[in-house]
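>>> no sequence for this one, just the structure:
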């Protein structure tokens, strides 16, 4: 009887050992995944936000939107020229914002830093345009118009990627450029803009920090043929190129 009980106890221990190992094999991947996710979240809390901007295109243009022309205006061309003459240069930027962190991130503000080549005579130092609006394209009665809304803080969920269009303008006087100076470069033949590549950076600021972080960058290539085509337009109010 004693032998039988001893063998039975040994068998129970053996079965328990096998069962425990099986349970470990089953639970281990889940445990590793949980620890990894938790570790990533802890790491993201302790490190700077990993939010990236993938820039698609940039349009350098006069500040006012001239989509809607008042009914009393008879000379549309003259109206467009007049509106852009004293307007400041702005940049409309199409991009994707992506939060690559495992936690939500809040983007407090965004801005554009642009560095015009010195031979253009527009600015000897990089300019920061931090007056930011979100651009929405509205289709009304088969006519597309643009609406722009002042920037508000944006919450980006973990792993979220969102397409956006921004209207960046210079708030500080020292960062402003009159649009007519840029237009004059287009009208020159040959144009100093031909073959130029203009570097830009998208900047972001997060809650709790006063420093700008570079979210993305690109160069705006301006080939000669693009400038030549634009010079033939009756009203010049923008030059848009894809980023590279």
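Cool, got the structure. Nothing here was measured: the structure is a model prediction, and the numbers come from that model.

>>> can you pull out the helices in this structure?
With DSSP state H as the criterion, the chain has helices at 2-46, 76-85, 179-187, 224-231.

>>> can you tell me which of those helices the model trusts least?
Mean pLDDT per stretch puts helix 2-46 lowest among these, at a mean of 54.

>>> The closest residue to residue 187 other than its chain neighbours: neighbouring residues, count only.
With C-beta to C-beta, 6 or more residues apart in numbering as the criterion, residue 187 has its nearest non-adjacent residue at 6.1 Å, and that residue is residue 231. Any C-beta I mention is one placed from the backbone N, CA and C, and that applies to glycine too. Neighbour count for residue 231, taken as other C-beta atoms under 10 Å: 14.

>>> So residue 231 sits against residue 189, correct?
Yes: the pair residue 231 / residue 189 is scored as a contact, 6.8 Å apart, by C-beta atoms under 8 Å.

>>> tally of neighbours for the closest residue to residue 221 other than its chain neighbours?
Leaving aside its sequence neighbours, residue 221 sits nearest to residue 197 (C-beta to C-beta, 6+ apart; 5.1 Å). Applying other C-beta under 10 Å, we find 12 residues neighbouring residue 197.

>>> For this structure, which segments count as strands?
51-62, 89-99, 105-107, 109-114, 127-129, 131-140, 143-150, 154-156, 161-169, 196-205, 213-222, 238-242 (DSSP state E).

>>> got a pLDDT number for residue 233?
Reading off the confidence values, residue 233 has pLDDT 87.

>>> how much space between it and residue 167?
21 Å (C-beta to C-beta, to the nearest Å).

>>> More neighbours: which of the two?
Each of residue 233 and residue 167 has its neighbours counted (other C-beta under 10 Å); residue 167 has more, 23 against 11.
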